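**Student:** Fold the following, please.
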Amino acid sequence: MQTSENTAVGQAAVAGVLDPNLVTLTPSSLIGFMILYRGVLMGWLQQDGTHWNAYAPTKPPNAGEHLGIFACRDRAVRQAFSPAVRQPALAS
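**Tutor:** Sure thing, here's the model as predicted:
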């Protein structure tokens, strides 16, 4: 996983799910971090104190589907790559 903060963050989170070297966390002033896989938006993260909120993209006008609150950023990233979330995103 690539990130502007730490290239090692999240390697274990997506290992075995998708190629972690093709995952990028990109800071965004609007939504925290975008989670990209091969340039495709898979979701985003927002930090709330010590916890991370994970979201999956939805069709407008909805802002996104809340996937949960996680104590660890890696677990939040992993949730964005759950089969139910990633299949529609990668199919488009």
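**Student:** Now do the longest strand along the chain, average pLDDT.
**Tutor:** When the chain is parsed with DSSP state E, its longest strand is strand 40-48. Averaged over strand 40-48, pLDDT sits at 87.
**Student:** what does it contact?
**Tutor:** 23, 25, 28, 31-36, 52-57, 64, 67, 69, 73, 76-77, 79-81, 85-86, 89-90, 92 (Cβ atoms under 8 Å, 6 or more residues apart in numbering). (Glycine included, C-beta is placed from N, CA and C.)
**Student:** and what of stretch 51-58?
**Tutor:** The contact list for stretch 51-58, computed with Cβ under 8 Å, 6+ apart, reads 31, 41-47, 63-73, 75-77, 79-80, 85, 89.
**Student:** rerun at 6 Å
**Tutor:** The contact list for stretch 51-58 (Cβ atoms under 6 Å, 6 or more residues apart in numbering) reads 41, 43-46, 64-71, 73, 76, 79-80, 85.
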